[in-house]
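K.L.:
Just need the structure, nothing else, for what follows:
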Amino acid sequence: MATILIVDPDSATRSLLELLCERLGHRPIGPREWVEGQEPDLLLLEPASRPGVRLARGYRRRFPQLPILCVSIDGPNGETESLEPVGHVMKPFRRSQLERALEQALIPTADAV
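P.N.:
Take a look at the predicted model:
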């Protein structure tokens, strides 16, 4: 089970991502829970959100190895790529697509071992 920090400005999308993460056996948290000391294993980010990208940059500085998975209606762009995400899931997506992307994002890299 992984702790997944979800940063998405749309409450309906955030709720859906939380539900899907829970159904896949993970524990979703929001930025408030992270501030309270719960360190995430993965960051799910909607990169179309400027405040979300700012938060992601801060997380990246503090946790350089934290995997970031973008979940967006927009394709990857320069700003997104500067965060070095481990993947990009396009909305709308199938549950199986998100599940595969989460599995891949949570595989430890050779550098982290």
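
K.L.:
who does the host helix or strand of residue 70 touch, helix- and strand-wise?
P.N.:
Using DSSP states H and E, residue 70 maps to strand 68-72. Identification of packing neighbours for strand 68-72 by 3 or more CB pairs under 8 Å, 6 or more residues apart in numbering; DSSP states H and E yields strand 42-45, helix 50-62, strand 87-90, helix 95-105. All C-beta spots, glycine's among them, are computed from the backbone N, C-alpha and C.

K.L.:
Which among these is found nearest to residue 24?
P.N.:
helix 95-105 (5.7 Å; CB to CB).

K.L.:
Show me which residues of stretch 58-67 are buried.
P.N.:
For stretch 58-67, a neighbour-count test (16 or more other CB atoms under 10 Å) marks 59-60, 66-67 as buried.

K.L.:
re the thing from before, need the winner for burial among the helices and strands packed on strand 68-72.
P.N.:
Among the helices and strands packed on strand 68-72, ranked by average contacts under mean count of other CB atoms under 10 Å, first place goes to strand 42-45 (a mean of 25).

K.L.:
residues of the strand holding residue 70 that come out buried?
P.N.:
Buried-residue list, strand 68-72, by 16+ other CB under 10 Å: 68-72.

K.L.:
List the contacts of residue 13.
P.N.:
Residues counted as contacts of residue 13 (CB atoms under 8 Å, 6 or more residues apart in numbering) are 46, 91.

K.L.:
in this protein, what secondary structure element scores lowest on mean pLDDT?
P.N.:
Least confident helix or strand, the chain: helix 31-35 with a mean of 74, by mean pLDDT, DSSP states H and E.

K.L.:
what's the neighbour count on residue 82?
P.N.:
12 (other CB atoms under 10 Å).

K.L.:
I appreciate the help and will end here.
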